[in-house]
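>>> just coords:
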């Protein structure tokens, strides 16, 4: 099936891409690549930093293409049995090892239904579990002891996502996995796209104050995005924040400003919100003697100007977020 040719009554691939673009900001190229790979019946691996829309993109593709979707969170506890399925021990005692006693896991269910098997954080999955996936991708079938052969129904594909190898808790993926997938690399969106994502999230907030703030403080929100993007380039930080940090910063600042009867953009409010939203998301480089609060304060001063008045205390490490600055 091509972008211009589709079965009667089915949307073209171009129609799918256009619909997906409406829900996924700044990922036109990646949307086209994912749709094309799925249409070509290929397995997919999307690789990129946290918060870059990998899950949003894959869920949107499954929804718009009307494909079944089995979600698996990749972690060290994902054993082959949890992925494949198991026989119910209580029923085995009564009925024995018959097919009706088998409880399918997400892999068996996706194979049977011809669905997408989406594995998040693929490079956190144990090697023995990855070996099961390698066999399935190659042979398009699964052999379960005492159950037999499960053949992949038409439509089954593995779609997976993972953070770069240097993220905490990740491992290198073997060449055997890479040889069986189409890899799509993603990076952070542009500043314009991240600002669009931030404003979209704030405008859809159930809190009226957040929606109103999105209309009256656009310049401040741009500075928030600049601050978050600066965390990805600071020499003392190994990992910076995703756009989720900007969203949390704005939401926390709106609530904190209401508590302090000040605007969210007031320096004391904005800095404390930045410390709360960003200090846990960033990771220091090995060997630095600074704290994450030190770095966030430095970046804040660079983007917004001095965070304390001349009589304030701006040396040393920041303490607890609340009270870390002078009153606005």
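Sure thing, it's come through. Everything quoted here is computed from the prediction, not taken from an experiment.
>>> Okay, helices next: where are they in the stretch 101-250 of the chain?
Per DSSP state H, counting those that start in this stretch, the stretch 101-250 of the chain carries helices over the ranges 106-113, 127-139, 175-178, 191-203, 208-216, 218-230, 243-259.
>>> and the residue nearest the centre of the chain, what is it in contact with?
In the chain, the C-alpha closest to the average C-alpha coordinate belongs to residue 51, at a distance of 4.4 Å (Cα atoms, centre = their mean). With contact taken as Cβ atoms under 8 Å, 6 or more residues apart in numbering, residue 51 is in contact with 188, 241-245. Bear in mind the C-beta positions are built from the backbone N, C-alpha and C, glycine included.
>>> how many other residues sit next to residue 144?
Residue 144: 18 surrounding residues under other Cβ atoms under 10 Å.
>>> Kindly confirm whether my reading is correct that it touches residue 136.
No. The pair residue 144 and residue 136 fails to qualify as a contact (Cβ atoms under 8 Å) at a distance of 11.4 Å.
>>> rewinding a little: got a winner among the contacts of residue 51 for most neighbours?
When neighbours are taken as other Cβ under 10 Å, the top entry among the contacts of residue 51 is residue 241 (29 neighbours).
>>> now that residue, nearest residue through space, not along the chain?
The spatial neighbour of residue 241 that comes closest, neighbours along the chain excluded (Cβ to Cβ, 6 or more residues apart in numbering), is residue 281 at 4.2 Å.
>>> Assign a three-state SS to the one you found, would you?
Using DSSP: H, G, I helix; E, B strand; the rest coil, the structure places residue 281 in coil.
>>> between the helix or strand hosting residue 60 and helix 191-203, how many degrees?
Following DSSP states H and E, one finds residue 60 within helix 54-64. Angle of helix 54-64 versus helix 191-203, following axes from the mean of the first three to the mean of the last three Cα atoms, to 10 degrees, is 70 degrees.
>>> What's the mean pLDDT across the helix or strand that comes right after helix 54-64?
Later in the chain than helix 54-64, the nearest helix or strand by DSSP H and E is strand 69-73. For strand 69-73, the mean pLDDT works out to 90.
>>> Strand 69-73 - which strands sit beside it in the sheet, and in what orientation?
Sheet neighbours of strand 69-73, with direction, are listed as strand 116-120 (parallel) (DSSP bridges).
>>> Give me the residues contacting the partner strand.
Around strand 116-120, the neighbours that count as contacts under Cβ under 8 Å, 6+ apart are 38, 55, 58-59, 62, 67-74, 106-107, 110, 125, 133, 156-162.
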